[in-house]
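Enquirer: Model the following, please.
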Amino acid sequence: MKTIPRFDNFPPYTPIEPFEVLSQRLGIPIEQIVKLDANENPYGPSPCALRALAEMPFPHIYPDPESRALRAALAQYSGAPVENLLAGAGADELIDLLARALLEPGDVALNFPPTFGMYSFDTRLNGGVVVEIPRLPGGALDLPAIEAAVQQHQPKIAFVTSPNNPDGRLMTDDEFNALIDLPLMLVLDEAYIEFADEGSGLGRRLSRIQQAAQRENLVVLRTFSKWAGLAGLRVGYGAFPIWMMDTLWKIKQPYNVNVAANVAALASLEDAPYLAGNVQRLRQERERLFALLQEVPFLKPRPSCANFILCDVTGWRARDLKDALAKQGVLVRHYDTPLLKDCIRISVGKPHETDTALAALHACAKTRE
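Expert: Numbering: from 1, shown residues only. Okay, the predicted model is just below:
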């Protein structure tokens with residue numbers, strides 16, 4: 001079989017296996033599966049978004065290539081100027097656009113693992129070189145090592161997530177200030193920021209999205225996948241320095257945000273108070289889940305500001321634990337890398353899903369006695 005040489009040693013991104021496929025393989029009905037492996041919002045879209053989708057008037061017409069109505073609503077929602085905003089087919093598309101725009105073959109991007117895999121994937125896909133600066137124990141950024149890497153490699157981009165996936169740690173002000181002073185484009189991914197704020201803030205107090213219009217080297221990415229329950233529709237957005245916008249408009253796909261995603265996102269912004277209630281419920285359930293996980297003898301949960309909890313596993317291989325839970329209809333993510341040796345990540349679900357997951361974990365504990 002012929003291959004394309006440039007991709008012979010290209011490491012693919014490993015997505016979550018679809019739960020309908022797992023349902024068939026495990027012989028468990030979909031409605032009995034507790035899906036806690038992909039940080040999705042178990043409450044789903046708002047009723048307004050569902051009604052808007054059902055009543056969508058023009059699905060046969062191409063969408064507005066500039067997403068003007070959505071960007072205007074996002075400007076009001078986020079406080080970022082509309083001329084600095086770009087919508088995308090999920091934040092993933094915008095990560096790819098940034099790599100296309102800023103990286104020439106051989107250019108360096110800094111990555112701070114363990115973190116979201118798409119940063120390294122899109123850097124390599126666009127001919128860039130990934131230089132990884134591992135996080136310190138506990139998830140803090142290794143600022144001296146980052147500064148040394150900047151001196152050595154002269155990177156064009158640094159990607160950082162706050163709260164970070166998969167550990168849920170929120171970046172500190174000192175870390176942000178150190179990164180933003182570096183001679184590179186800082187891409188700050190705030191996919192989970194709504195879960196870090198207290199009350200009904202939906203991330204407004206903690207987000208740095210308004211600063212992107214005021215700085216030359218800051219991009220802030222957000223998504224509707226988590227807080228708004230629209231992961232399946234793939235809609236995200238970002239705030240970019242104004243000098244980048246002309247290039248981004250040129251290189252993006254013309255109809256990148258589909259009609260359904262536009263409609264649902266607009267309705268979600270109109271129904272933000274309802275969605276804020278779901279976010280608050282998930283924050284409360286996260287605290288309950290954390291306390292219950294501490295009672296599982298072979299797990300050590302890590303504090304999280306996101307809608308998931310990372311747990312160190314002792315006495316099990318993480319993959320074996322994941323498989324044992326899957327046989328009981330509970331899906332979690334596992335990690336087994338040098339930086340995350342034998343860990344599982346559990347998304348925050350509804351209370352009854354927490355109860356089912358904990359019962360499955362305790363059943364696993366009995367098999368080890």
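Enquirer: so where is this structure shaky, pLDDT-wise?
Expert: Scanning the chain for pLDDT under 70 picks out 1, 199-201, 203, 368-369.
Enquirer: got the residue ranges for the helices in it?
Expert: Ranges of helices within the chain are 19-26, 47-54, 68-78, 90-102, 118-125, 143-153, 173-180, 242-251, 259-270, 272-293, 318-326, 351-367, based on DSSP state H.
Enquirer: And the longest one, what does it pack against?
Expert: Here helix 272-293 touches strand 299-301, strand 308-313, helix 351-367, going by 3 or more C-beta pairs under 8 Å, 6 or more residues apart in numbering; DSSP states H and E. All C-beta spots, glycine's among them, are computed from the backbone N, C-alpha and C.
Enquirer: Check these for me and report the most buried one.
Expert: strand 308-313 (a mean of 23; mean count of other C-beta atoms under 10 Å).
Enquirer: List the strands paired with that strand, with their directions.
Expert: strand 299-301 (antiparallel), strand 343-347 (antiparallel) (DSSP bridges).
Enquirer: Can you tell me what sits against that strand?
Expert: Applying C-beta atoms under 8 Å, 6 or more residues apart in numbering, the contact partners of strand 308-313 are 39, 165-168, 286, 289-290, 293, 298-302, 304, 321, 340, 342-348.
Enquirer: how far away is P18 from P45?
Expert: Distance of P18 to P45, computed by C-beta to C-beta, to the nearest Å: 19 Å.
Enquirer: So for the two, which sits in the more crowded spot?
Expert: P45 (25 against 9; other C-beta atoms under 10 Å).
Enquirer: okay, now the domains of this protein?
Expert: 5-45+280-367, 56-272 (automatic domain parsing).
Enquirer: deepest of these, which one?
Expert: Across the domains of the chain, the average number of neighbours (mean count of other C-beta under 10 Å) peaks for domain 56-272, which reaches a mean of 19.
Enquirer: what's the span of it, first residue to last?
Expert: In domain 56-272, first residue to last residue: 20 Å (C-alpha to C-alpha, to the nearest Å).
Enquirer: which one of the helices of the chain lies closest to P134?
Expert: Of all the helices of the chain, helix 143-153 sits nearest to P134, with 8.1 Å by C-beta to C-beta.
Enquirer: and the closest one with helix 173-180, angle?
Expert: 0 degrees (axes from the mean of the first three to the mean of the last three C-alpha atoms, to 10 degrees).
Enquirer: contact partners of helix 143-153?
Expert: So helix 143-153 is contacted by 108, 110, 112, 131, 133, 155, 158, 175, 178-179, 182-184 (C-beta under 8 Å, 6+ apart).
Enquirer: Need the residues you listed in TSV (columns: distance to I33).
Expert: Below are the contacts of helix 143-153 laid out as TSV (distance: C-beta to C-beta, whole Å):
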residue	distance to I33
V108	42
L110	38
F112	33
V131	39
I133	37
P155	42
A158	38
E175	38
A178	43
L179	40
L182	44
P183	48
L184	43
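Enquirer: out of those residues, who's nearest M56?
Expert: So of these, ranked by how close each gets to M56 (C-beta to C-beta), first place is A158, at 39.1 Å.
Enquirer: quick one: contacts for V330?
Expert: 33-34, 36, 356-357, 360.
Enquirer: at 6 Å instead, please
Expert: Contact analysis of V330 by C-beta atoms under 6 Å, 6 or more residues apart in numbering lists 34, 357, 360.
Enquirer: between the helices and strands packed on helix 272-293, which gets nearest to P137?
Expert: strand 308-313 (11.4 Å).
Enquirer: picking up where we left off before, put together a markdown table for the helices and strands packed on helix 272-293, with distance to P241 on each row.
Expert: Listed next are these as a markdown table, based on distance: least, C-beta to C-beta, whole Å:
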| stretch | distance to P241 |
| --- | --- |
| strand 299-301 | 38 |
| strand 308-313 | 31 |
| helix 351-367 | 41 |
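Enquirer: so which of the ones you listed gets nearest L85?
Expert: Nearest to L85 among the helices and strands packed on helix 272-293 is strand 308-313; the distance by C-beta to C-beta comes to 27.2 Å.
Enquirer: quick check, distance from that closest one to the centre of its chain.
Expert: 16 Å (C-alpha atoms, centre = their mean, to the nearest Å).
Enquirer: Then stretch 235-249?
Expert: 19 Å.
Enquirer: Name the residues that touch it?
Expert: Against stretch 235-249 from outside (C-beta under 6 Å, 6+ apart): 74, 80, 84-88, 90-91, 94, 97, 101, 209, 212, 216, 219-224, 257, 261, 265.
Enquirer: Extract the CA atoms of stretch 181-193 and return them as PDB.
Expert: Extracted in PDB, the C-alpha atoms of stretch 181-193 (Å, rounded to 0.1, in the frame of the first residue of the first chain):
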ATOM      1  CA  ASP A 181       5.800  38.800  28.600                       C
ATOM      2  CA  LEU A 182       7.500  36.300  26.300                       C
ATOM      3  CA  PRO A 183       8.200  37.100  22.700                       C
ATOM      4  CA  LEU A 184       5.600  34.700  21.200                       C
ATOM      5  CA  MET A 185       1.900  34.300  20.600                       C
ATOM      6  CA  LEU A 186       0.200  33.000  23.800                       C
ATOM      7  CA  VAL A 187      -2.900  30.900  23.000                       C
ATOM      8  CA  LEU A 188      -5.000  30.600  26.100                       C
ATOM      9  CA  ASP A 189      -7.700  28.000  25.800                       C
ATOM     10  CA  GLU A 190     -10.500  28.600  28.300                       C
ATOM     11  CA  ALA A 191     -12.700  25.700  27.300                       C
ATOM     12  CA  TYR A 192     -13.500  25.000  31.000                       C
ATOM     13  CA  ILE A 193     -13.400  28.500  32.500                       C
END
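Enquirer: Nice, that's everything, thank you.
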